[in-house]
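Q: Next one to model:
(4 chains, ligands or ions: 4)
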Protein chains: 4
Amino acid sequence: MTSLDQAADISDLRRLARKRLPRFLFDFIDGGAGAEVTLRANEGDFGAWGLAPRVGVDVAERHTRTDIVGYDSALPLMLAPTGLAGLFRPGGEGAAARAARDAGIPFCLSTNSVASIEELATQAPGGDRWFQYYFLKDEGLTDRMLERAREHGYRVLCLTLDLPVQGRRHRDVRNGFTVPPRLTPQTVLDAALHPAWSLGYLRHGVSFGNFETAQMGGGISTITQHIAALCDSGADWDTVRHVMAKWDGPVVVKGVLHPDDARRAVDLGAATVIVSNHGGRQLDAVPSAVAALPAVAKAVAGRAQVLLDGGVRRGSDIVVARALGADACMIGRPFLWGLAAAGEAGVTRAIEMLAGELDTALALLGRPDVGEIDAEAVFRR
Amino acid sequence: MTSLDQAADISDLRRLARKRLPRFLFDFIDGGAGAEVTLRANEGDFGAWGLAPRVGVDVAERHTRTDIVGYDSALPLMLAPTGLAGLFRPGGEGAAARAARDAGIPFCLSTNSVASIEELATQAPGGDRWFQYYFLKDEGLTDRMLERAREHGYRVLCLTLDLPVQGRRHRDVRNGFTVPPRLTPQTVLDAALHPAWSLGYLRHGVSFGNFETAQMGGGISTITQHIAALCDSGADWDTVRHVMAKWDGPVVVKGVLHPDDARRAVDLGAATVIVSNHGGRQLDAVPSAVAALPAVAKAVAGRAQVLLDGGVRRGSDIVVARALGADACMIGRPFLWGLAAAGEAGVTRAIEMLAGELDTALALLGRPDVGEIDAEAVFRR
Amino acid sequence: MTSLDQAADISDLRRLARKRLPRFLFDFIDGGAGAEVTLRANEGDFGAWGLAPRVGVDVAERHTRTDIVGYDSALPLMLAPTGLAGLFRPGGEGAAARAARDAGIPFCLSTNSVASIEELATQAPGGDRWFQYYFLKDEGLTDRMLERAREHGYRVLCLTLDLPVQGRRHRDVRNGFTVPPRLTPQTVLDAALHPAWSLGYLRHGVSFGNFETAQMGGGISTITQHIAALCDSGADWDTVRHVMAKWDGPVVVKGVLHPDDARRAVDLGAATVIVSNHGGRQLDAVPSAVAALPAVAKAVAGRAQVLLDGGVRRGSDIVVARALGADACMIGRPFLWGLAAAGEAGVTRAIEMLAGELDTALALLGRPDVGEIDAEAVFRR
Amino acid sequence: MTSLDQAADISDLRRLARKRLPRFLFDFIDGGAGAEVTLRANEGDFGAWGLAPRVGVDVAERHTRTDIVGYDSALPLMLAPTGLAGLFRPGGEGAAARAARDAGIPFCLSTNSVASIEELATQAPGGDRWFQYYFLKDEGLTDRMLERAREHGYRVLCLTLDLPVQGRRHRDVRNGFTVPPRLTPQTVLDAALHPAWSLGYLRHGVSFGNFETAQMGGGISTITQHIAALCDSGADWDTVRHVMAKWDGPVVVKGVLHPDDARRAVDLGAATVIVSNHGGRQLDAVPSAVAALPAVAKAVAGRAQVLLDGGVRRGSDIVVARALGADACMIGRPFLWGLAAAGEAGVTRAIEMLAGELDTALALLGRPDVGEIDAEAVFRR
Ligand SMILES: Cc1cc2nc3c(=O)[nH]c(=O)nc-3n(C[C@H](O)[C@H](O)[C@H](O)COP(=O)(O)O)c2cc1C
Ligand SMILES: Cc1cc2nc3c(=O)[nH]c(=O)nc-3n(C[C@H](O)[C@H](O)[C@H](O)COP(=O)(O)O)c2cc1C
Ligand SMILES: Cc1cc2nc3c(=O)[nH]c(=O)nc-3n(C[C@H](O)[C@H](O)[C@H](O)COP(=O)(O)O)c2cc1C
Ligand SMILES: Cc1cc2nc3c(=O)[nH]c(=O)nc-3n(C[C@H](O)[C@H](O)[C@H](O)COP(=O)(O)O)c2cc1C
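A: Ligands and ions are numbered 1, 2, ... in the order given. Got it, this is the predicted structure:
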């Protein structure tokens, strides 16, 4: 498998990304916190569930359209907010947002994107656009940021709660990863060995587009320093309520694993709870997203939507998530791998792969409408 | 282990096949859908069962004859329908059918065979011959095909229900596998490295023998395209009833994993239910055949026979299947590996290996008659 | 680890044996039947049990003496009957028997030994000597053999019940193993690469010492052919009773895994039941010895002794076996590896390793007397 | 990862230590008894527990101070007693003790240290200092040793109960490890390949600092011989009581896995029970420390403190231990790896890693005070 043509599934996109990116960047995407137990469990725990197919059903037509926080999405799928996407490809956020838009699914921009709120809106006009917000220490900064998002057509506000401090990602420490990448013999060699990426990078540079250099303290820093400088580890549910009040559209809460926290978020008016452990990047050894899902879905009890992210790599993962109570899934790494491998075409391919696998799964399950997927469609291995 | 002489078990035949076949063909046989979880489970889940031997029993004589859909088979075993067997060896279907006939066990020809219904009947006269049918969009084609099968002495009609659309087999995508094989630098090199296979192929060519080129849209296509063009993804239980009515001999239904589907098939008059997930080639993550067997056998409750295929690699697997309620087993890959490795002699060897292992197992279990195998003969690990 | 001096445990003796023996011989010792599931489980299932140590106990003196079928053995351990030991070292049976005698533990000669009943008695006078018998088709041969054993001081008769036919050992098929080794390019090369073994072999030759060439049909044969020619697959419990009646000393029954068979053996007057699956060499997928032990011990209920063999590799395995109801253990491969590695000194070392490990385990368990080991000493992981 | 700068977690310190130490020394630290099942379980069984995080909590301030046997420790962590630390770095015990002192956590000197009781007190004045005692055969020697410890400011006496005899550490046997290292071609080559260590060693030599050469029988010996010569395998609970009476400060009992032994120790007046299997170095196959902890904590029932050592490698392990009833943890290998890698700075780094990981875990768990960690903070996987 050497080209996008021969890429059969998401793992192939990952392989292509590995070839194109310097190691320290591939690791930044790929890696997780601590011993990466949760990272692996995010993918692996989907394997605890099997599919229960029925035969003798007319499956000539399949249906996958799904409401996501009020948007009629073509798939029960959307792109998760990911920082620094523009570091993997020049214009990365725009490419991803266009691919999502053209596939008819929502896209969420991260606080820590390379493209600013405004740039992204220009790079990818139209589509269903969300903005992900990290609690900032500076209230003025918060207000301006939400204001900018509202003005540029971001419909949904996504509050990420699982990052009061940055997780400990050992690969980044070992690689000496900083933003922008610091020049060391190791990183220079690494970049030299991946010229396709390096040329793009040298032509475009990289920074946290939503912040001014002054706000970031200027210069080179680790992500951990960036977060510690700007983010508010003192934010609590009151802060959540406070920020929610500043936004007049739907607010979703991301990073919930405990049913009581899910209940709390819904009580405060969250339109959706996103079951997520930040892709295994924050606290290692916490439950995988799919393991945490059933109890959260039960706690939410239909009072809000439930999304899930973390480890979704196949169409059947979406089936499992639906069967366990999620309305839809978000993907992080899968689209970043596609992006790193082949830009917008790569993101499109990632979405197509999952859409195609979902379609086949619905046909072979004998449940041609994704809305029919219920607990009977899966079984615990 | 380098020759058929030293081949001790089915895994050795697989190794020999791997040597002789171009990679894209070996993978076509060997591979499964998706992440190949079900493929591995088909084999692996037999390992969940142990054998409970008794000693002090006279086992001088062992008995393995078993009724299979009315045929007095020498073994509780038969060859499963497999498409394109003639691609692995010129005349492959004929070789396999003769080996089955000479071993006194049934053979089932696939809709998608290289040898046509008529050719196979000529290549391998006699023996117990079945025909496997995929639901075709074109009713006229269906009628002609069943007519041809009846005329040429196919006794049993096998309806495969688990292929309304083709499964997603990533190895085939990565290898760019088509029928006939498309010439790419990769496939040409692959073929050049396996001259024994390539010479045979160049001399004989390959096509889907039961279809005319026009019916297939002509030219090179992936199996997925072939299936999508000809097969009816709208077939349901009514279609099953409809086709059953066209056949006056016994009809068996293949591809059942759910007990309710098994009941349904028996209600419609199926002589036999074949517990199968198509060798893990259709929907990944469904239950392994052996895991699905007990509930199906219970649902059928003696109203019809139960066969199983998927992962049968050893004589003891047949013992386990019998103990869990199957009357007999079918094998797919094991005989294809033998065929690819050594033609008819290889198929004969595959059957002999399983027969020999079964014989030894009956002796060492202290249950010399395969008919005596019941739930006591096995235990759950 | 390159010499006996640095060998720390049984696995080191196995490594040394691997170096010294031609591959086909190492595999003959090391291998098992089928996929070697039971072979691995014999060792692995000991790992299902943990040890529960107590502290604050005076363990200055440890005691390991144990009655084995009436013999006051220095250890709860003895050497299992193994065919062809003399093939691994010239005079192998004698070396092993002397090592056992000098360690104060019983030794059991196999029907299929290289040294005959008489030769062994000469090579290793004294000690507690048993004779293992396979049911032979020829009653006259049986009578003579038992007569010879009795005359030469074999105290206990061991009836092996789990070999009505020979198991299917794939390694031996792949290696083309025969007795005496057939000369093929492969075996000759293999032998040439292991000159230490080959010289010994060339000087001494090898045959089944208890049979005359005529009885064996003469010439080269596989073990499977040898067994099929001489052994009686029709032997049943009546045959057991019949042979028992021919022996006036204690008779033990080897190869029992099912509690009902254990009960039957005791009812017929067996002094001891040996829980064994023939070291995983007969029927694959049967329970490991240690997994089968508790139910057998319960069935025997103190009416006879219980021994276990299969997978004993460490002193703690003996503790586990005792805790689960065995009086003592037998070892097969461990002493054969020692023998192949270093002759009598190697067997002595194998015994010493297990004795030393047992001694340390008793001390660190806070149960200095092996007789105190009960179910409390272990726990299920 | 090649330098201390890039070391991200304890496993990196281990890698650095492996590079710097001769193999026989690395193995002496790294290895365990028998098949190292317990060694692996010590680490692995922490993986049986997951963390249950809460969000929406103000975690701007985190608290880790913990009382350890009356000392106000900066962390719920201390350094375990380890023999021969001075062999891995000249002045090793002093370096470790200073690092502990400067981090504000206790340090425990081993009976078998290279630095004597007096030397350590000089090398590392101040800090909370404990002395670990092995039961010696010679009562006079005992009295003098306790006297020396008391005089030099050792506050707590730690009685290690799980070493009546030395465990069987196969790596040491295979490596021919002795104290001082015996000159063999193998050890000389090994040392030559690790010149940094060897130079330090040649300059400083090594011996058991708390014993006079005469007491040890002089010359080169294995640790097993050293222990057998000096230690009293007859010590029992009466001996414990007897030695406790000689010490007027707090006494802690180390090496308890069974709840009844824990109760016994507390009944005798132990201030603390240390759940430990000596880092998997004594009896293999005993429970891991973390597996044994809950039952011990329940048995102690608050009547004394409970510490745990064995397998603590991450901040989250400390969280798990706290949640299961331990007041604090000890680490052995982690600080020895740091010491071998980089002397005092390496020990400091090991402590900082665990402190930092613990801090992040408290933040991301939404439980900023280590005192709030209870059973709700973890879940059984
Ligand atoms: C490189 C990368 C950067 C991320 N940045 C953010 C972020 O800025 N904000 C956020 O809420 N989540 C962020 N995430 C987490 C994702 O939103 C999402 O939870 C996670 O990627 C889902 O797991 P998956 O990668 O297995 O699909 C990031 C994830 C990755 C891989
Ligand atoms: C190369 C190949 C082609 C197959 N073609 C067909 C087919 O045309 N029709 C069908 O009903 N099943 C087909 N099968 C499935 C087999 O009938 C059978 O269910 C499966 O091979 C059993 O699993 P096993 O290969 O592990 O024995 C095919 C299987 C293989 C390996
Ligand atoms: C090379 C070899 C030859 C054997 N030959 C005999 C035999 O002749 N008779 C018999 O009763 N058991 C025989 N056995 C089985 C042993 O008596 C014993 O059951 C087995 O070796 C125990 O398992 P272990 O090897 O794991 O200790 C043989 C085992 C081996 C490894
Ligand atoms: C090299 C080494 C030497 C040790 N020496 C002693 C000792 O002299 N006295 C003692 O009580 N424990 C000793 N221990 C055990 C430690 O106190 C502690 O129980 C163990 O190291 C904890 O496990 P960990 O290494 O996984 O952290 C030693 C451990 C190691 C690794």
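Q: List phi and psi for the residue in chain A that ligand 2 sits nearest to.
A: Per C-beta to the nearest ligand atom, the residue of chain A with the smallest distance to ligand 2 is residue A:55, at 12.1 Å. Where you see a C-beta, it was placed from the backbone N, CA and C, and this is true even at glycine. The phi and psi values for residue A:55, taken as degrees, to the nearest 10, are phi -120, psi 170.
Q: Return the distance of it relative to chain C.
A: For residue A:55, the distance to chain C (C-beta to the nearest C-beta, to the nearest Å) stands at 31 Å.
Q: Nearest residue to that residue in space, ignoring adjacent ones along the chain?
A: Nearest non-adjacent residue to residue A:55, counting by C-beta to C-beta, 6 or more residues apart in numbering or on different chains: residue B:161, 4.0 Å away.
Q: count of residues packed around the one you found?
A: 27 (other C-beta atoms under 10 Å in any protein chain shown).
Q: same thing with residue A:378?
A: Neighbour count for residue A:378, taken as other C-beta under 10 Å: 22.
Q: now do residue A:111
A: Counted with other C-beta under 10 Å, residues neighbouring residue A:111 total 24.
Q: for it, what are its contacts?
A: A:81, A:83, A:132-134, A:145, A:160, A:210 (C-beta atoms under 8 Å, 6 or more residues apart in numbering or on different chains).
Q: where does it land in three-state SS?
A: What DSSP: H, G, I helix; E, B strand; the rest coil gives for residue A:111 is coil.
Q: Starting from residue B:221, give me the distance back to it.
A: Distance, residue A:111 to residue B:221, using C-beta to C-beta, to the nearest Å: 48 Å.
Q: One more: residue A:340?
A: Relative to residue B:221, residue A:340 is positioned 32 Å away (C-beta to C-beta).
Q: neighbour-wise, which of those two wins?
A: Neighbour count, other C-beta under 10 Å: between residue A:340 and residue B:221, residue A:340 has more, with 28 against 18.
Q: Quickly find the element holding the more buried one.
A: Here residue A:340, judged by DSSP states H and E, is contained in helix A:333-365.
Q: ditto for residue A:253
A: Residue A:253 is part of strand A:251-256, with elements assigned from DSSP H and E.
Q: Buried residues, the next helix or strand along the chain from that strand. List them.
A: Next helix or strand after strand A:251-256 toward the C-terminus (DSSP H and E): helix A:259-267. Neighbour counts over helix A:259-267 (16 or more other C-beta atoms under 10 Å in any protein chain shown) mark A:259, A:261-266 as buried.
Q: could you check whether helix A:259-267 is close to chain D?
A: Yes. Helix A:259-267 comes into contact with chain D (C-beta under 8 Å from any C-beta of the partner chain), by way of A:260-261, A:264-265.
Q: So what's the residue count around residue A:224?
A: By other C-beta under 10 Å, neighbour count at residue A:224 equals 18.
Q: what's the pLDDT at the residue nearest to residue A:55?
A: Note for residue B:161: predicted pLDDT of 98.
Q: Equivalent analysis for residue A:214, please.
A: According to the prediction, residue A:214 has pLDDT 64.
Q: now swap in the one 10 residues further on and tell me
A: We have a pLDDT of 88 for residue A:224.
Q: these two touch, right, it and residue A:170?
A: No. With contact defined as C-beta atoms under 8 Å, residue A:224 does not count as touching residue A:170 (12.0 Å).
Q: any shared contact partners between those two?
A: Contacts common to residue A:224 and residue A:170, judged by C-beta under 8 Å, 6+ apart, are absent.
Q: residues in contact with the residue of chain A closest to ligand 2?
A: By C-beta under 8 Å, 6+ apart, residue A:55 lies in contact with A:366, B:161-162, B:255-256, B:258, B:261.
Q: Scan these and report the most crowded one.
A: Counting neighbours by other C-beta under 10 Å, the top entry in these is residue B:256, with 30 neighbours.
Q: OK, contacts around the nearest residue to residue A:116 once chain neighbours are set aside?
A: Take residue A:116 and drop its neighbours on the chain: the residue closest to it by C-beta to C-beta, 6+ apart is residue A:209, 3.6 Å away. Shown in contact with residue A:209 (C-beta under 8 Å, 6+ apart): A:86, A:113-117, A:119.
Q: between these, which is closest to residue C:336?
A: Within the contacts of residue A:209, proximity to residue C:336 (C-beta to C-beta) peaks at residue A:86, which comes in at 66.0 Å.
Q: per-residue confidence for the residue lying closest to that closest one once chain neighbours are set aside?
A: Distances taken as C-beta to C-beta, 6+ apart place residue A:114 nearest to residue A:86, at 2.7 Å, with adjacent residues excluded. Listed pLDDT for residue A:114 reads 96.
Q: Name the SS class of residue A:114, please.
A: Residue A:114 carries the three-state label coil when classified by three-state DSSP.
Q: now residue A:227
A: Secondary structure state of residue A:227, per three-state DSSP, is helix.
Q: my guess is it meets residue A:160, correct?
A: No. Using C-beta under 8 Å, residue A:227 makes no contact with residue A:160, being 11.3 Å away.
Q: any residues in contact with both of these two?
A: In terms of C-beta under 8 Å, 6+ apart, residue A:227 and residue A:160 are both contacted by the residues residue A:134.
Q: and those two? which has more neighbours close in?
A: Counted by other C-beta under 10 Å, residue A:227 and residue A:160 do not tie: residue A:160 has more neighbours, with 22 against 19.
Q: who's that one bridged to?
A: Note on residue A:160: beta-bridge partners residue A:254, judged by DSSP bridges.
Q: Do I have it right that it meets residue A:83?
A: No. At 10.3 Å, residue A:160 does not count as touching residue A:83 under the criterion of C-beta under 8 Å.
Q: need the strands for the stretch 201-350 of chain A, in chain order.
A: Counting by DSSP state E, counting those that start in this stretch, the stretch 201-350 of chain A has strands at residues A:251-256, A:272-275, A:305-309, A:328-331.
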